[in-house]
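Predicted coordinates and the sequence they were generated for:
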Amino acid sequence: MTYDIIGDIHGCLDELEDLFEALGYRRERGIFVHPDRRTPVFAGDLTDRGPQSIDTIKLVYAMAVTHQKALYVPGNHCNKLYRYFLGNNVKLQHGLETTAAEYKNLPNKEQSQVRKQFMELYEGASLYLELPDAEAIVAHAGIKEDYIGRHDKKVKTFVLYGDITGQFDEQGRPIRRDWAQQYNGEKWIVYGHTPVKEPRTVNKTINIDTGCVFGNKLTAFRLPEEQTISVPSKQPYVEEKFRSFD
């Protein structure tokens, strides 16, 4: 099979539609399909911060669940929204407040439908995806080689949040280790989570979160071609949100 792995969308639906167009997809029955039957893979963080989180949920649900034309793995923002929909005491911050505001503005019947769709999408998803025919693994924040095949709490934390140290920088952002430098595997690890200005390849890993919601661009990584395709963001540019690895 052939795949188009899509980085963090964060409610930037217009840019996602632009990216599908750039990738050669066509809109059919309200979803995007490729004439060569390529499979889109959403690498998590569908919602929060951007302008159209609810419609992004609806589109991904239609593609991944209703029509089974796409794959999806959850990100940390997906996990938080899931806990919010469960009724847990989740703080409405770090972008969740924008999704919650959109959700609360919906009629009650539509709220119920969106909540049900997202929970079904999330509960049906694997923590990370192994794509044997592409010799690749898709994990929202990455995965260490010796974690592949495991699904315990330690691995879940890594896949959703990255290689966190428990410490924070001056801006209050979590400090993460650059785990990709130690990866020596043969399979591609395709991930996002940490915004970078350009897709970042280290060993056989690639970070495709190019900070669309922070005004940069939305990126897909194509396999087996090993090619990146990006479209520009329509959001305001926020320089301090991007991580430099110099």
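In hand now; what should we look at?

Only C-alpha atoms from now on, for both contacts and neighbour counts.
Noted.

and the spatially most central residue of the chain, what pLDDT?
Central residue of the chain (C-alpha atoms, centre = their mean): Gly44, 2.4 Å from the mean position. Gly44 is assigned 96 on the pLDDT scale.

Start at 440, not 1
Got it, first residue is 440 now, which makes that one Gly483.

Quick check: phi and psi at it.
Per-residue torsions, Gly483: phi 90, psi 170 (degrees, to the nearest 10).

Would you check that it makes contact with Leu510?
No: using C-alpha atoms under 8 Å, Gly483 makes no contact with Leu510, being 10.3 Å away.

Run a quick neighbour tally on His506.
12 (other C-alpha atoms under 10 Å).

In contact with the residue nearest to the centre of the chain, which residues?
446-448, 511-517, 579 (C-alpha atoms under 8 Å, 6 or more residues apart in numbering).

JSON lines for those, including neighbour count, secondary structure and distance to Leu535?
Conversion of the contacts of Gly483 to JSON lines gives the following (neighbours: other C-alpha atoms under 10 Å; DSSP: H, G, I helix; E, B strand; the rest coil; distance: C-alpha to C-alpha, whole Å):
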{"residue": "Gly446", "neighbour count": "32", "secondary structure": "coil", "distance to Leu535": "18"}
{"residue": "Asp447", "neighbour count": "30", "secondary structure": "coil", "distance to Leu535": "15"}
{"residue": "Ile448", "neighbour count": "30", "secondary structure": "coil", "distance to Leu535": "14"}
{"residue": "Tyr511", "neighbour count": "29", "secondary structure": "strand", "distance to Leu535": "20"}
{"residue": "Val512", "neighbour count": "24", "secondary structure": "coil", "distance to Leu535": "18"}
{"residue": "Pro513", "neighbour count": "25", "secondary structure": "coil", "distance to Leu535": "15"}
{"residue": "Gly514", "neighbour count": "28", "secondary structure": "coil", "distance to Leu535": "13"}
{"residue": "Asn515", "neighbour count": "20", "secondary structure": "helix", "distance to Leu535": "11"}
{"residue": "His516", "neighbour count": "22", "secondary structure": "helix", "distance to Leu535": "8"}
{"residue": "Cys517", "neighbour count": "22", "secondary structure": "helix", "distance to Leu535": "10"}
{"residue": "His579", "neighbour count": "34", "secondary structure": "coil", "distance to Leu535": "18"}
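
Let's have those residues in JSON lines, adding pLDDT and distance to Asp487.
Below are the contacts of Gly483 laid out as JSON lines (pLDDT from 0 to 100; distance: C-alpha to C-alpha, whole Å):
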{"residue": "Gly446", "pLDDT": "98", "distance to Asp487": "14"}
{"residue": "Asp447", "pLDDT": "98", "distance to Asp487": "10"}
{"residue": "Ile448", "pLDDT": "98", "distance to Asp487": "9"}
{"residue": "Tyr511", "pLDDT": "98", "distance to Asp487": "17"}
{"residue": "Val512", "pLDDT": "98", "distance to Asp487": "16"}
{"residue": "Pro513", "pLDDT": "98", "distance to Asp487": "13"}
{"residue": "Gly514", "pLDDT": "98", "distance to Asp487": "11"}
{"residue": "Asn515", "pLDDT": "97", "distance to Asp487": "11"}
{"residue": "His516", "pLDDT": "98", "distance to Asp487": "7"}
{"residue": "Cys517", "pLDDT": "98", "distance to Asp487": "9"}
{"residue": "His579", "pLDDT": "98", "distance to Asp487": "15"}
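
What is the nearest of these to Tyr600?
Distance ranking of those against Tyr600, using C-alpha to C-alpha, places Asn515 first at 6.3 Å.
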